[in-house]
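Peer 1: sequence and computational prediction follow.
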Amino acid sequence: MVDGFRQDPAKVGNPFVEDTALIDVLKRVLPEETFKVIEKDCARFGDRLIDECIDHVKALHRNPPTLIQYDGWGHRIDEIRIDRGWNSLAAVSAEEGLVSIAYERKLKEYSRVHQFTKVLLFSPYSSIYTCPLSMADGAARLCELFNKQGVLNSAFEHLISRDPKQHWTSGQWMTERTGGSDVGNTETIARKTPGGGEFDYTLTGYKFFSSATLSEMAFALARIEDENGKTVTGSRGLSLFYIQLRDENNKLRNIKVHRLKEKLGTKALPTAELELCGTPAVLISKPGRGVPSIASMFNLTRVWSATCSLSAIKIGVAIARDYAFRRKAFGKLIAEHPLHINTLAQLEVMYRGHLQLIIHEAVIQGKIECGKATQSEEALMRILTPLGKLYTGKEAVKAASECIECLGGLGYMEDATILPAMLREQQVNVIWEGTTNILSLDLFRALAKDQSGLTAFMDFVENALGQYNQETVRKGLQEIKGFMGRLSNANLAQASARDLCYLMASTFIGALLIRQWEWSKQERDKNIVDMWADRYISPLLPIRIGDDKHLEFLKEIVNEGARGDVCKKTGRPRAKY
């Protein structure tokens, strides 16, 4: 055995009690008595995460799920086997009310703030159990909006149960081999079953990504076939259906699990390719109204995605900070080196900025569901939902990478910290529920159709600037106004849609940070506003739209690259890699 130096490992503590930024923003947005209720619950929950959930996560990382398609006698069983830590995390999430809090509404319009605060704490200790939870939440909201009619009433009660034996999660089956975000090419067919009872349709098709194969239910998009065998093409031909995955004997109901996906991350979460082979289903939406109906579901899962992205920043910063006060380099702690101090401070400002955005979304969502939101707030939420998901998701990938670098070689080691897994798993949040480009285009089109959300956005930022006329935040707002006034060429404007979204998100966060300073009156919070503006708004100015010549240049540099099956220069086939 070689004696010598052993580095003291980075450690984490109660993720609520130790997070002064989170506590401060909650104090700002909540009534005092409401804050005390949430504070007590989250402090207790934080201890439970450290004492109980870390071991479940480690077990799941050691034992990823496996698919057993046939038993020893050749019978097809399609059984997914998963470490018992998965069920333990499911029990924790049910008991803690990570879905039910939002529907019990004990704290009225602030129930969503309570819920998403707990989700923020839970996510790094969940092994991505937050994925089926988010869809359970979206499904519960969909059931609620459909007045819990028929099968939806029973499903709703299961989805919001705190009893682990009764609690359900849900799938959201949209993606097929023909495309993910472009659901208009969906191939799944729904056929009416004469005398079929409540489950009066059967679905036939192939769902290419399902991350809720262990869930009890799912909502799926399918195309209704009429008595002549014809269907309506495009997204207007899609309807929404409810499925219960298993029968009373816990057997899949005409569903085949063909394989589990080999993914970059989220390895503890079994993601499968499913074939629906006449699966019983209930028509939920009006025929042809499937996409608008399921929108309420994925709008909520996008808030979950943004919250989980924020949690990746949160845990990464916590580990990097702790390590900086343990690791010595060049004769002193790395926390004493000015360059490293600046690196950590920039990460902290990133976290605090995105924290403001996610909590603000939770506030508005709660008010909407309790009928207390203004029209302006409802319009604003339609903008903030895609902005929060795309911007926080993208920045969290950068943060996870930076935090790994803060630990040097040890940050790269799988058995040292959770950071390598967090980097891999965070990458899914920029893809799931709409990539950055898809969300940017969705928002761009929405702004072109309806200016009410943009008006609410600008009014909010302008009001904040009335308290502190921060120069760069002001420039960001002016650039957004100017961009929207220059939308004469749709193609040119679309090419800059991502830049617009980044600037809108960063400018709005600047306004929220001003609100935080206005509340606290602490010089530290004013300095955070300035640091955010310099780091995250200034580099985005101005947004370049260009002209037709510039767009042709963009096409040129893309098109001159090699592509296709055969190399045009050598005639040799190009390889799959």
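Peer 2: Looks like it came in fine. All of these numbers come straight from a predicted model, not from anything done at the bench. Residues are numbered from 1 along each chain as shown.
Peer 1: which positions in the lowest-mean-pLDDT helix or strand in the chain come out as buried?
Peer 2: Lowest on mean pLDDT, DSSP states H and E among the helices and strands of the chain sits helix 490-495, with a mean of 82. Of the residues in helix 490-495, L492, A493, Q494, A495 count as buried by neighbour count, 16 or more other C-beta atoms under 10 Å. (Each C-beta comes from the backbone N, C-alpha and C, glycine too.)
Peer 1: which non-adjacent residue is nearest the last one?
Peer 2: Residue nearest to A495 in three dimensions, not counting chain neighbours: L551, with 6.3 Å by C-beta to C-beta, 6 or more residues apart in numbering.
Peer 1: test my guess that that neighbour contacts A493.
Peer 2: No - contact criterion C-beta atoms under 8 Å: L551 and A493 do not qualify, at 10.6 Å.
Peer 1: for S100, what are its contacts?
Peer 2: With contact set as C-beta atoms under 8 Å, 6 or more residues apart in numbering, S100 has these partners: A94, I160, S161, R162.
Peer 1: of those, which pair is most distant in space?
Peer 2: A94 and I160 (9.7 Å; C-beta to C-beta).
Peer 1: picking up where we left off before, in JSON lines, list the buried residues of helix 490-495 along with distance to M458.
Peer 2: Output for the buried residues of helix 490-495, formatted as JSON lines (distance: C-beta to C-beta, whole Å):
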{"residue": "L492", "distance to M458": "22"}
{"residue": "A493", "distance to M458": "18"}
{"residue": "Q494", "distance to M458": "21"}
{"residue": "A495", "distance to M458": "23"}
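Peer 1: which one among those residues gets closest to R84?
Peer 2: Within the buried residues of helix 490-495, proximity to R84 (C-beta to C-beta) peaks at Q494, which comes in at 48.9 Å.
Peer 1: from F483, how far out is that closest one?
Peer 2: As for Q494, its distance to F483 is 12 Å (criterion: C-beta to C-beta, to the nearest Å).
Peer 1: before we move on, what about W432?
Peer 2: 28 Å.
Peer 1: who's more crowded, those two?
Peer 2: Neighbour totals were compared for W432 and F483, and W432 leads with 23 against 20 (other C-beta atoms under 10 Å).
Peer 1: name all residues that make contact with the more buried one.
Peer 2: If you count contacts by C-beta under 8 Å, 6+ apart, then W432 has C131, S305 around it.
Peer 1: adjust the sequence numbering to begin at 29 for everything that follows.
Peer 2: From this message on, residue numbering opens at 29, which makes the last subject W460.
Peer 1: any idea which residue sits dead centre in this structure?
Peer 2: Centrality entry for the chain: nearest residue to the mean C-alpha point is S333, 1.0 Å, by C-alpha atoms, centre = their mean.
Peer 1: wait, that one sits on L418?
Peer 2: No - applying C-beta under 8 Å, one finds S333 not in contact with L418, separated by 9.5 Å.
Peer 1: now the common contact residues for the two.
Peer 2: By C-beta under 8 Å, 6+ apart, S333 and L418 have no common neighbours.
Peer 1: so which elements touch the helix or strand containing A309?
Peer 2: A309 is part of strand 300-311 when elements are defined by DSSP states H and E. Other elements packing on strand 300-311 under the criterion 3 or more C-beta pairs under 8 Å, 6 or more residues apart in numbering; DSSP states H and E are strand 229-238, strand 245-252, strand 266-272, strand 283-288.
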